[in-house]
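Undergrad: okay, structure incoming, though there's no sequence with it:
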């Protein structure tokens, strides 16, 4: 009997029914949305926070790898148990309690982001981070990868809303980083070190989140531009006026085409658009804006923003009701899934570009499309420079696969040379490990590794991520649909 | 010749004139605002960031303690070179550049907080953190202790505005944590680990800061309450309406009395107040509020806030001009210095209390005043629970000193038992070391120490702080005035 098997037997004896060693259970926990499967030997689904201490204490003693998962919506492979061992599934720790006076949410790691949104909204509060998988993904996972979403530019990302964390060291000792207060300056900030550390430095079991008052008014505007460079230039002009949209989503022409196919509707089919583009129905790059705030505040903004649209867009359309706004948003939501008509595989790179290099980056992407011969629909969050560059290819086609690999490498080199980030909200996991050293110099990587060694000396927490180089596209991929796959 | 002296000779040979070993130079760098002096053997005042690498490289090789200082405005002893060695004075690295499009400030560690405020304001942007010493203190120091100020509740503290940091590891290697982008999810977050680490994990040389649009309108309102409990209860009712003041400053009756003495004016001397209090002129607990936002937004708020004041305050007064607002703010600014009429020594404890325990805490402070027999004027930031509890005593009076020591211990125990923080914006330094273990359990302290060991294996960066227990009130205190002492 292997050492892991002995440890697993001890674990079952200690925790009983919450430990699952069945084939089906282990298979279901063997992959995340990167769809690359690595079988664990047991899955623990604790009913209470307290049950996690003994799991870690045993794992640490027997050097069993431990990978924590929420729902596994990550595309980066961050929740895949590459070294086997045990998976801790947080789905049962899903409590959500709103402190409506202090404007805080007390949540368990397994609460879905959407459940937090709804609970906050019911009390007049707003939790802005909104990863696209928010109906499924958990706050524990959001903390692990410092998830973002569309509201990042104005409001910030998960990190900006985490007030305190509870959880365990790999030794099984319970720790708490921060208190349920908006200020805390006592001791080293391990709270923020844990955020974005992808489960490699500690196990998050709960969080206190900051909420903001729910904006009383929202207003949505869709604007169209001749091309990507024109759209990005116009966005910069808007930001220069210090206008802060709650959401500012860009879709390049290829993304718009995908959305049009998915919705069966042409964006701006009306005469205004036909006139402005001399009757052509070719897709335009678009920027979809949402403004949020007090009623008077949003009204004030309308004038300014409509003047900007009149000056720079070839066409625009404002939503006059929530239903009209929803229709405009469908465009953004549908574009991602429709991309799979362009290829069966996607490298979705959530890079970040400083605003001053927007046009330069648009020209680079145009060149990258030409050179690689691949469709590379690009969309994303302009208020914070976080763009999703989707390199589409067919996995069975070696030439396309090779071109995709080369394209992602060129992309990352360019992003870093422009002073940007190789990831804005997905994290490194396995998928971005080939690029970590483009972003960080050797001293930076050594410092990170030293921190890992200090907090997890036996290396049991989510081993194999971040620092090793894994070319994820070379691994066989499961052919299955998960509920949060884009339709 | 001692080993330090040999290293210092090497340092002078290498860097020349920026190294000062004079008696006066070393004395001036021997203390911060805690006014406890520990002489270093050399002070380096680099002209460029590049000069810092060799200092650290030499220090690390020869195990010379290195303490970094801005202006030394900290009250906690965080910038006092307790183990001697070398001081790096950042005052010359004071560049400030505003990126008005992206809404970011690129600053050197030695830039004063006020200089950043002014540069941002000139371009229509706002940098909210505003420690009371902002005309003197530097952003490097703000980062080191995660400084706050009056705007914390609505806007956040220094941490919430740091986008990226540049600096050095103790080995002298240059590192950069984050990019000048609002999203960054690539690798462990050493940026935030450095923030608040009081110069013990790395040397910050520059930062990129997030700015927010300068609010178009501000409105100030002073409200008076019968006593502390009534004031704090009323504040909670306001927050329950999800009203977010930009500033919400509380002064207890003792603090108001101090301010009245300093300004020579009675708060609310008019007939309205006299009537409400049956002619008595006894000081009232006050809450001073500032609202900021768009013109229409602030106008909307006025109705709601005035209705609240009418319902709960015994008197109130709104500022009808900027000059009137300044007059109201003088009250808040002057209270702190005037406290020295109550004692020649002050233990200024920047504790944080969860909102739901406000009234309970007010009753505790009333008991603490009675029991200790000491004046304990208390004021602070109600929107984030960060209160400044000022225990006043005469240093030469052993009974008072003993009472003050006992009071601070009881205060900290109570704060932690209520789920609060022992420091909200000052940090630990030397002064709060006796209380660190009230806040953090042994596992938490061990984790912090492991991180320290990992990033500074030779322990050269600001040694003697945070983890050792130092009872600062037992050290002789310099009798001198610094420019940022409260008048």
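TA: Perfect, thanks for sending it. Keep in mind it's a predicted model, so treat the numbers as computed, not measured.

Undergrad: name the element residue A:309 belongs to?
TA: helix A:295-312 (DSSP states H and E).

Undergrad: just how off-centre is the following helix or strand past that helix within its chain?
TA: Of the helices and strands lying after helix A:295-312 in sequence (DSSP H and E), the nearest is strand A:315-318. With Cα atoms, centre = their mean, to the nearest Å as the basis, strand A:315-318 stands 29 Å off its chain's centre.

Undergrad: show me what strand A:315-318 is packed against.
TA: The helices and strands touching strand A:315-318, judged by 3 or more Cβ pairs under 8 Å, 6 or more residues apart in numbering or on different chains; DSSP states H and E, are strand A:217-225, helix A:271-276, helix A:295-312. For glycine as for every other residue, the C-beta is placed from the backbone atoms N, C-alpha and C.

Undergrad: mean pLDDT for these: which is lowest?
TA: Per-stretch mean pLDDT for those is lowest at helix A:271-276 (a mean of 49).

Undergrad: quick one: contacts for the residue of the stretch 201-350 of chain A found nearest chain B?
TA: In the stretch 201-350 of chain A, the residue found nearest to chain B is residue A:296; the distance is 3.0 Å by Cβ to the nearest Cβ. Applying Cβ atoms under 8 Å, 6 or more residues apart in numbering or on different chains to residue A:296 gives the contacts B:294, B:296-297, B:299-300.

Undergrad: touching chain B at all, the helix or strand where residue A:207 lies?
TA: Under the criterion of DSSP H and E, residue A:207 resides in strand A:203-210. No - Strand A:203-210 lies out of reach of chain B by Cβ under 8 Å from any Cβ of the partner chain, never closer than 8.7 Å.

Undergrad: adjacent strands (with direction) for that strand?
TA: strand A:104-108 (antiparallel), strand A:162-168 (antiparallel) (DSSP bridges).

Undergrad: mind listing residues that contact that strand?
TA: By Cβ under 8 Å, 6+ apart, the list of residues contacting strand A:203-210 reads A:49, A:52, A:56, A:66, A:68, A:88, A:90, A:93, A:95, A:103-109, A:116, A:127, A:139-140, A:143-144, A:160-168, A:170, A:178, A:180, A:182, A:194, A:461.

Undergrad: after that strand comes which helix or strand?
TA: strand A:212-213.

Undergrad: need the residues that contact that next one.
TA: A:103, A:124-126, A:128, A:155, B:242, B:244.

Undergrad: for chain A, longest helix please?
TA: Longest helix in chain A, counting residues (DSSP state H): helix A:398-417.

Undergrad: mind giving me the packing neighbours of it?
TA: strand A:345-352, helix A:358-372, strand A:386-393, helix A:436-439.

Undergrad: separation between the nearest residue to residue A:345 once chain neighbours are set aside and chain B?
TA: The shortest distance from residue A:345 to any non-neighbouring residue, by Cβ to Cβ, 6 or more residues apart in numbering or on different chains, is to residue A:395 (4.6 Å). Distance of residue A:395 to chain B, computed by Cβ to the nearest Cβ, to the nearest Å: 26 Å.

Undergrad: residue A:395: how many residues sit nearby?
TA: Residue A:395: 14 surrounding residues under other Cβ atoms under 10 Å in any protein chain shown.

Undergrad: in the stretch 1-150 of chain A, where is pLDDT below threshold?
TA: Scanning the stretch 1-150 of chain A for pLDDT under 70 picks out A:1.

Undergrad: where exactly do the strands run in it?
TA: Assigned strands in the stretch 1-150 of chain A, in chain order: A:19-20, A:42-44, A:66-69, A:86-89, A:96-99, A:104-108, A:125-126 (criterion: DSSP state E, counting those that start in this stretch).

Undergrad: those strands: which one's closest to residue A:78?
TA: strand A:66-69 (8.9 Å; Cβ to Cβ).

Undergrad: what does the closest one contact?
TA: Looking at what lies outside strand A:66-69 - Cβ under 8 Å, 6+ apart - the contacts are A:29, A:32, A:40, A:55-56, A:59, A:79-82, A:85-90, A:140-141, A:144, A:170, A:199, A:203-204, A:460-462.

Undergrad: and what of stretch A:433-452?
TA: Outside stretch A:433-452, the residues that reach it (Cβ under 8 Å, 6+ apart) are A:193, A:200-201, A:409, A:412-413, A:416, A:421-422, A:428, A:459, A:465-471, B:169, B:171, B:173-177, B:186-188, B:190, B:193, B:451, B:454-455.

Undergrad: now that stretch: mean pLDDT?
TA: pLDDT averaged over stretch A:433-452 gives 98.

Undergrad: drop anything exposed from the contacts of strand A:212-213.
TA: Buried members of the contacts of strand A:212-213, counted by 16 or more other Cβ atoms under 10 Å in any protein chain shown: A:103, A:124-126, A:128, A:155, B:242, B:244.

Undergrad: list just the nearest of those to residue B:18.
TA: residue A:155 (42.9 Å).

Undergrad: hmm, back to that, the longest helix of chain A - what's its average pLDDT?
TA: Helix A:398-417 comes out at a mean pLDDT of 97.

Undergrad: that one to strand A:386-393, inter-axis angle?
TA: Interaxial angle of helix A:398-417 relative to strand A:386-393 (axes from the mean of the first three to the mean of the last three Cα atoms, to 10 degrees): 160 degrees.

Undergrad: and helix A:398-417, what's buried?
TA: So for helix A:398-417, counting by 16+ other Cβ under 10 Å, buried means A:400-401, A:403-405, A:407-408, A:411-412, A:414-416.
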